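# what's the 3D shape of this:
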Amino acid sequence: MKKLVAPLVLVLAAIIAVGAVYHFQQQASAPQASAGGGGGAPIPVVVAEVGLATYVTTLESLGTARSNESVDLAAKVTGRVEALNFSDGQRVRRGDLLAQLDTAEQRADLQEAEVRLAEQRREVDRIRGLVADRALPRQRLDEQESRLSEAQARLEAARARLDDRSVHAPFGGVLGLRRVSVGALVNPGTLITTLDDVSVIKLDFTVPETFLPGIEVGQNITARSAAYPGREFRGRVTSVDSRVDPGTRAGIVRAEIPNPDSVLFPGMLLTVRLLKQETESLSIPEAALVPMRDEQYVFVVNDDERVERLRIVTGRRAPGRVEVLEGLEQGIRVVVQGTNRVRPGIRVEAEVSAQ
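Numbers count the residues shown, from 1 in each chain. Here you go, the predicted structure:
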């Protein structure tokens with residue numbers, strides 16, 4: 001019996017010791033618990049007010065550079081090339097003569113047409129005098145004036161045939177590579193060279209249909225090219241296509257970029273950023289966010305200096321700040337430092353943040 005009493009006494013002593021430790025721990029934690037709920041010392045936190053901030057919406061896309069004006073310069077008629085008055089890559093002005101085909105036959109036709117026109121004019125003058133003297137009826141004058149008109153038309157046609165044997169620059173720009181040689185026999189449509197006006201680059205890029213209503217002529221864009229790392233080109237939207245591609249559900253937007261130093265070339269691939277719009281929205285410091293699963297929360301301090309937890313919906317982000325779409329109003333105080341020390345209902349001592 002004595003052998004059983006000794007172990008029982010030891011067990012009871014251990015139970016009493018554990019109970020005493022638990023009692024003292026509860027007594028020690030009571031002041032800390034009362035600090036959050038009732039009349040204890042409030043927990044210091046740093047807060048910031050919900051304010052307004054300007055956010056810029058940007059849209060990125062890929063675009064293809066195009067010339068302001070572009071044309072393939074080709075022969076209009078069959079003939080032999082007599083002269084080429086340009087070099088590869090030469091800059092030309094509007095009206096410059098670039099290529100000349102043989103013109104001997106056409107010049108002869110023009111000269112013949114001029115002679116016939118002069119004859120018909122003299123005949124009109126002669127008949128007009130006879131009609132005035134009543135030596136010929138008025139009908140003869142009408143017939144001769146008709147012949148004069150026909151001669152004038154033949155002269156204009158001869159001039160046009162002669163002009164077709166010359167290739168002029170329709171606008172100022174930069175020529176491409178020469179595709180024919182002097183003495184070559186060319187046919188209608190034979191490419192002689194290309195001409196591009198690259199003083200301004202047209203940039204076509206696609207925009208999803210959901211963003212098209214917010215795009216307006218005059219909006220600013222920036223573009224970058226892999227050929228010029230770190231360099232940014234600025235331009236403006238000039239037009240929006242009237243149709244949306246049913247396959248891609250996107251429309252084409254065109255912008256123009258000044259290119260005075262001709263560093264951008266037609267066909268280049270550019271990364272485009274469209275500065276879509278600037279809006280003023282509610283904003284809080286990013287440090288106030290308390291993520292829980294897939295949702296965002298914040299701790300707010302009410303007029304009684306107690307903490308509440310609110311779920312919010314966030315939007316765009318800027319360095320150190322985040323846009324608030326739902327859940328808060330301007331002027332509400334949110335905890336930005338000390339979020340890990342507070343819980344709903346606890347009393348705090350709020351210090352306003354300088355940010």
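# what's the host helix or strand of residue 122 packed up against?
Per DSSP states H and E: residue 122 is located in helix 104-132. Here helix 104-132 touches helix 138-163, going by 3 or more CB pairs under 8 Å, 6 or more residues apart in numbering; DSSP states H and E. From N, CA and C alone the C-beta is placed, and that goes for glycine too.
# that older thread, orientation of the helix holding residue 122 relative to helix 138-163 in degrees?
Comparing the axes of helix 104-132 and helix 138-163 via axes from the mean of the first three to the mean of the last three CA atoms, to 10 degrees yields an angle of 160 degrees.
# So what's the model's average confidence on helix 104-132?
Averaging pLDDT along helix 104-132 yields 93.
# Now find how far off-centre it is within its chain.
Helix 104-132 sits 61 Å away from the centroid of its parent chain (CA atoms, centre = their mean, to the nearest Å).
# repeat for stretch 126-136
74 Å.
# Leaving out the residues flanking it, which one is nearest to residue 93?
Leaving aside its chain neighbours, residue 93 sits nearest to residue 172 (4.7 Å; criterion: CB to CB, 6 or more residues apart in numbering).
# Buried residues, stretch 147-154. List them.
Residues 148, 151, 154 are the ones in stretch 147-154 that count as buried (16 or more other CB atoms under 10 Å).
# typed the wrong thing, it's stretch 97-113
Under 16+ other CB under 10 Å, the buried positions of stretch 97-113 are 98, 99, 100, 101, 103, 106, 109, 110, 113.
# Secondary structure element for residue 296, which one?
For residue 296, the host element (DSSP H and E) is strand 295-301.
# can I get the CA coordinates of that strand in PDB?
Taking C-alpha atoms only, strand 295-301 is exported to PDB below (Å, rounded to 0.1, in the frame of the first residue of the first chain):
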ATOM      1  CA  GLU A 295      -9.100  39.000 -51.800                       C
ATOM      2  CA  GLN A 296      -7.600  42.200 -50.500                       C
ATOM      3  CA  TYR A 297      -8.500  43.700 -47.100                       C
ATOM      4  CA  VAL A 298      -7.500  46.800 -45.200                       C
ATOM      5  CA  PHE A 299      -7.700  47.700 -41.500                       C
ATOM      6  CA  VAL A 300      -9.400  51.100 -41.000                       C
ATOM      7  CA  VAL A 301      -9.600  53.200 -37.900                       C
END
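# now the stretch 1-150 of the chain, which segments are flagged as low pLDDT?
1-40 (pLDDT under 70).
# can you do 80?
Along the stretch 1-150 of the chain, segments meeting pLDDT under 80 span 1-40, 56-57.
# all strands of it, in order?
For the stretch 1-150 of the chain, strands defined by DSSP state E, counting those that start in this stretch occupy the ranges 43-49, 51-74, 79-84, 91-92, 97-101.
# Determine the angle, from 0 to 180 degrees, between the helix holding residue 122 and strand 79-84.
Using the same axes, to 10 degrees: helix 104-132 against strand 79-84 is 100 degrees.
# that older thread, possible to save the buried residues of stretch 97-113 as JSON lines with distance to residue 258?
Formatted as JSON lines, those follow (distance: CB to CB, whole Å):
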{"residue": "98", "distance to residue 258": "27"}
{"residue": "99", "distance to residue 258": "31"}
{"residue": "100", "distance to residue 258": "35"}
{"residue": "101", "distance to residue 258": "37"}
{"residue": "103", "distance to residue 258": "41"}
{"residue": "106", "distance to residue 258": "43"}
{"residue": "109", "distance to residue 258": "47"}
{"residue": "110", "distance to residue 258": "44"}
{"residue": "113", "distance to residue 258": "48"}
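# hang on, the earlier thing: take the buried residues of stretch 147-154 and lay them out in a markdown table including distance to residue 284.
Below are the buried residues of stretch 147-154 laid out as a markdown table (distance: CB to CB, whole Å):
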| residue | distance to residue 284 |
| --- | --- |
| 148 | 88 |
| 151 | 87 |
| 154 | 84 |
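# Grab the nearest non-local neighbour of residue 102.
Distances taken as CB to CB, 6+ apart put residue 80 closest to residue 102, at 4.8 Å, once the chain neighbours are dropped.
# show me the contacts for the one you found.
101, 102, 183, 184, 185, 186 (CB atoms under 8 Å, 6 or more residues apart in numbering).
# Please render those as CSV that adds distance to residue 250 to the earlier fields.
Listed next are these as CSV, based on distance: CB to CB, whole Å:
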residue, distance to residue 250
101, 46
102, 51
183, 50
184, 45
185, 47
186, 42
